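> pasted the sequence and its predicted model underneath.
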Amino acid sequence: MPPKPLPVSVAASLRTLSIFAGAVALAVVVHLIASKNEPPLETRFYTIFLCSVLVIALITAPAQIFWPRLRRWRQTLHPILTAAALLLCLWEIITSGVRLLPLPYFPGPAKVLHSLITDRMLLFDSTWHSLILLLSGCALGVIAGLITGLCIGWSPPVRYWGMPLLKVVGPIPATAWIPLAMVVSPSALISAVALIALAVWFPVTMLTASGISNTRASYLDVARTLGAGRGYLIFRVAVPAALPNIFIGLFMGLGASFLTLVVAETVGVKSGLGWYLSWAQGWAEYGKVFATLVIMAAFFSTIMTALFKVRDRMLVWQRESSNGDDDGC
Amino acid sequence: MLKVPHFSFAMFEKVFLIPAIRLIGGWFYRASQSPLPPASSCRSSDRAVAENRLCCVSSQVSDFPDSGELLVDGQSISGPSAERGLVFQDPNLFPWLTVRRNIEAGLAARGVLQQKRSEVKEFMRLVGLEAFADAYPHHLSGGMAQRGSSGSRLD
């Protein structure tokens, strides 16, 4: 009887499932009670959202018995999802329910979802503009950073002259250049691209240079005895050896680029999520502010996750233990 | 032809002068015509791989001998070059390349991989790593890695 252990795990997953469904059901009840204070038009989307989550939770209960992948997936995600549902509950109780927090600044989840859906066109447009700005700035910064990092890491004369400059100028936060950038550049968009590129450039250069210059001498010796020329030594030995470091630089640069993006959009650029954020704040529409934060969380973490995936693919040759334990996606 | 006229390679280590040539073998020579050096000057496992194709002589690449010199075909050896294969104490396979790619690396570095691709298979058979052609070095055991390293110095 091979399928004997199956019912046990099904029973276990049913138990965890019922916990999740219970949490969602609780959220629905809390919402129905709390939303009596709110205009019904604003809470409609949230009611629909919670109910559809509840329906999905109830439907996947029987479905996972026949679909092992779904079961595994749900088993790992359950605690997180349950916690998320309970957190939504708590948020709604504190804001819409007992009005513990001053109201215009801390809307409930229903209002945030309402803003998210009613203003979706503008939000989508802002996200698109932010994406274009971020990608062009990052691409420029990464290319420049890799080139300068390579030169500084490989060539001692370039290191002698370049490293002090890098060490003095690099640590200045890119956002501190904003006053200068506004004067120098013809448009806010170009200065924003340049600032993001600068923010990415410094960590990428630094880590690339240190990775290249710390290439194990024995790898280079091996390559030389194999008859490698300079191109092979640089691009087939030093660069792959420095790749783990380069990725650390990319992660640091990406984090800096998010910060610079939002600041640049808040002060100069007339589009994007940062602009939307300050615009919504200007009208005291804090539902929209929170909606922007939700979008930003999704937007930035998606980009981060994408970079993790690229890293995992390019660094398969690293030991498993030192790889893939820190992204959790 | 390899010649070793009064060669000594000493290391200052814990005050003792150790004739480093007795420590471990380093340099493999393409020397099918030249005789292997005495067994005492290289490790048995290295010798086994070396057989007739190669022989091993000295220690680290970038260090110069304290006295004397090594001559290959009358030419003094002053640094690493494609003329000689080098097998280190550590395997020193490139960890970012698979075993096959590591063994191909020498040919690729000199840009002759296309002509000599058929040799790669033979090198892998010679060091007994055909089954691990697509494995990365961190999946290999120490001995396998060292054999892969020897394989990548053949060519």
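Cool, got the structure. Small disclaimer: the values here were computed from a predicted structure and weren't measured.
> close enough to count as contact, residue A:290 and residue A:119?
No - here residue A:290 does not reach residue A:119: they are 11.8 Å apart, not a contact under CB atoms under 8 Å. For glycine as for every other residue, the C-beta is placed from the backbone atoms N, C-alpha and C.
> wait, residue B:137 sits on residue B:103?
No - using CB under 8 Å, residue B:137 is not in contact with residue B:103; the gap is 11.4 Å.
> comparing the two, which residue is more hemmed in?
Comparing residue B:137 with residue B:103 by other CB atoms under 10 Å in any protein chain shown, the one with more neighbours is residue B:103, at 28 against 21.
> helix/strand/coil for the more buried one?
Put simply, residue B:103 is helix when judged by DSSP: H, G, I helix; E, B strand; the rest coil.
> tell me the contacts of it?
Contacts here follow CB atoms under 8 Å, 6 or more residues apart in numbering or on different chains; on that basis residue B:103 touches B:120, B:123-124, B:129, B:148, B:151-152, B:154.
> again, but for residue A:278
Residue A:278 neighbours (CB under 8 Å, 6+ apart): residue A:266.
> show me what from chain A comes close to chain B.
A:217-219, A:221-229, A:232, A:236-237, A:240-241, A:243, A:316-319 (CB under 8 Å from any CB of the partner chain).
> could you list the low-pLDDT ranges of the chain?
As the question left the chain open, I've gone with chain A. Chain A contains residues with pLDDT under 70 at A:1-14, A:16-17, A:320-329.
> ah, I was thinking of chain B
In chain B, residues with pLDDT under 70: B:1-89, B:155.
> coming back round to it: now, which of the contacts of residue B:103 lie close to chain A?
residue B:152.
> who touches the longest helix along chain B?
Counting by DSSP state H, the longest helix found in chain B is helix B:113-126. With contact meaning CB under 8 Å, 6+ apart, helix B:113-126 is reached by B:49, B:99-100, B:103-104, B:107, B:130, B:133, B:151-152, B:154-155.
> in PyMOL, how would I select just the buried ones from those residues?
Buried subset of the contacts of helix B:113-126, written as a PyMOL selection, criterion 16 or more other CB atoms under 10 Å in any protein chain shown:
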select buried, chain B and resi 49+99+100+103+104+107+133+151+152+154+155
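> so which of the contacts of helix B:113-126 sit within strands?
Using DSSP state E to define strands, no part of the contacts of helix B:113-126 is located there.
> inside helices: which ones of the contacts of helix B:113-126?
Those of the contacts of helix B:113-126 lying in helices (DSSP H): B:49, B:99-100, B:103-104, B:107, B:151-152.
> and of the contacts of residue B:103, the nearest to residue A:139?
Of all these, residue A:139 sits closest to residue B:152, with 36.1 Å by CB to CB.
> next one: that closest one from residue A:223, what distance?
Applying CB to CB, to the nearest Å, the value for residue B:152 to residue A:223 is 10 Å.
> quick check: neighbours shared by those two?
With CB under 8 Å, 6+ apart, residue B:152 and residue A:223 have common neighbours residue B:105.
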